[in-house]
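1. here is my input, please return the structure:
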Amino acid sequence: MKYIIFGLGNFGASLAQKLTQQGNEVIGIDNSMTKVEAYKEKISHTICMNATDEFTVSGLPLKDTDIVIVAIGEDQGANIMTTAILKNLEVKRLISRAINPIHEKVLQAIGVDEIVHPEEETAERWAKKLCLSNVVDSFELNQDYSIIEAKVPTDYIVKTLSEVGFRSNYNLLVLTIIKDVLVKSIFGKSKIDKQIHGVASANEVLAENDVLVLFGSNKDLQVFLKQKLRN
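-> Predicted structure coming up:
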């Protein structure tokens with residue numbers, strides 16, 4: 001996949017390097033030549049430019065880029081302006097970093113697709129979410145093993161865990177399933193809530209909006225998810 005990351009601070013640079021290491025094409029952009037020079041051997045491409053200049057930004061290969069990330073953190077004004085320019089240029093998927101609750105509300109008003117909170121979320125988790133697009137969340141136990149939350153592949157809906165054979169076919173363990181449950185408030189209004197369904201059993205039937213909590217090696221998880229994405 002192709003990514004453009006604006007802002008090569010701690011979070012942006014770390015994310016850009018991890019995505020590059022995973023075989024993606026990444027353009028890292030910053031207005032500091034020092035940072036651009038520091039990461040030019042670690043990121044696919046690095047460019048020194050002013051991200052708030054719409055004319056310059058419009059010259060980037062935005063139409064050919066799958067995901068654009070605004071990771072600018074020190075200057076909220078530059079972050080918001082860059083995000084607004086990219087939204088106006090209609091990039092395919094726009095993710096932006098929020099510094100505080102007010103900043104987040106401004107980004108929501110602009111209409112970004114997702115908001116990053118680097119103080120709460122690591123670059124490792126975001127790299128995994130971005131590379132495997134049906135991953136809801138992930139927790140890396142070490143460099144070899146992870147626990148991830150992933151949407152149920154379409155062709156497994158209405159099948160049981162036993163029929164799918166996660167352990168025998170993919171060497172993965174289903175820890176539990178997060179399901180949509182209809183709940184009523186004290187005022188009698190109904191809403192859909194996500195609830196953990198307890199320890200997963202072999203006879204558990206998978207539904208359309210279920211989220212699987214899977215444990216396994218990073219290699220096995222990636223093989224399973226990439227295979228199901230192609231189907």
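
2. domain parsing for this protein?
-> 2-122, 132-230 (automatic domain parsing).

3. can you tell me which of the ones you listed is most buried?
-> Counting by mean count of other C-beta atoms under 10 Å, domain 2-122 has the highest mean neighbour count of the domains of the chain, with a mean of 18. The way it works is simple: take the backbone N, C-alpha and C, and place the C-beta from them, glycine included.

4. C-terminal to the least confident helix or strand in the chain by mean pLDDT, which secondary structure element comes first?
-> Lowest by mean pLDDT, DSSP states H and E among the helices and strands of the chain is strand 135-140, with a mean of 55. Once strand 135-140 ends, the next helix or strand along the chain (criterion: DSSP states H and E) is strand 145-151.

5. partner strands of that next one and their direction?
-> Next to strand 145-151 in the sheet, as set by DSSP bridges, lie strand 135-140 (antiparallel), strand 211-217 (antiparallel).

6. still on that earlier bit, with respect to the domains of the chain, which exhibits the lowest mean confidence?
-> Between those, the one with the least mean pLDDT is domain 132-230; it has a mean of 77.

7. pull the distance from that domain to the chain's centre.
-> Computed by C-alpha atoms, centre = their mean, to the nearest Å, the chain-centroid distance of domain 132-230 equals 17 Å.

8. send me stretch 210-226 as PDB with only the CA atoms.
-> Provided in PDB are the C-alpha atoms of stretch 210-226 (Å, rounded to 0.1, in the frame of the first residue of the first chain):
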ATOM      1  CA  ASP A 210     -19.100 -10.000  15.200                       C
ATOM      2  CA  VAL A 211     -15.500  -9.100  16.200                       C
ATOM      3  CA  LEU A 212     -13.100 -12.000  16.700                       C
ATOM      4  CA  VAL A 213     -10.400 -11.700  19.400                       C
ATOM      5  CA  LEU A 214      -7.600 -13.800  18.000                       C
ATOM      6  CA  PHE A 215      -4.300 -14.900  19.500                       C
ATOM      7  CA  GLY A 216      -1.400 -16.200  17.500                       C
ATOM      8  CA  SER A 217       2.000 -15.500  15.900                       C
ATOM      9  CA  ASN A 218       2.200 -12.300  13.900                       C
ATOM     10  CA  LYS A 219       3.100 -14.400  10.800                       C
ATOM     11  CA  ASP A 220       0.000 -16.600  11.100                       C
ATOM     12  CA  LEU A 221      -2.300 -13.600  11.900                       C
ATOM     13  CA  GLN A 222      -1.100 -11.800   8.800                       C
ATOM     14  CA  VAL A 223      -1.500 -14.900   6.500                       C
ATOM     15  CA  PHE A 224      -5.100 -15.400   7.700                       C
ATOM     16  CA  LEU A 225      -6.100 -11.700   7.400                       C
ATOM     17  CA  LYS A 226      -4.500 -11.200   4.000                       C
END
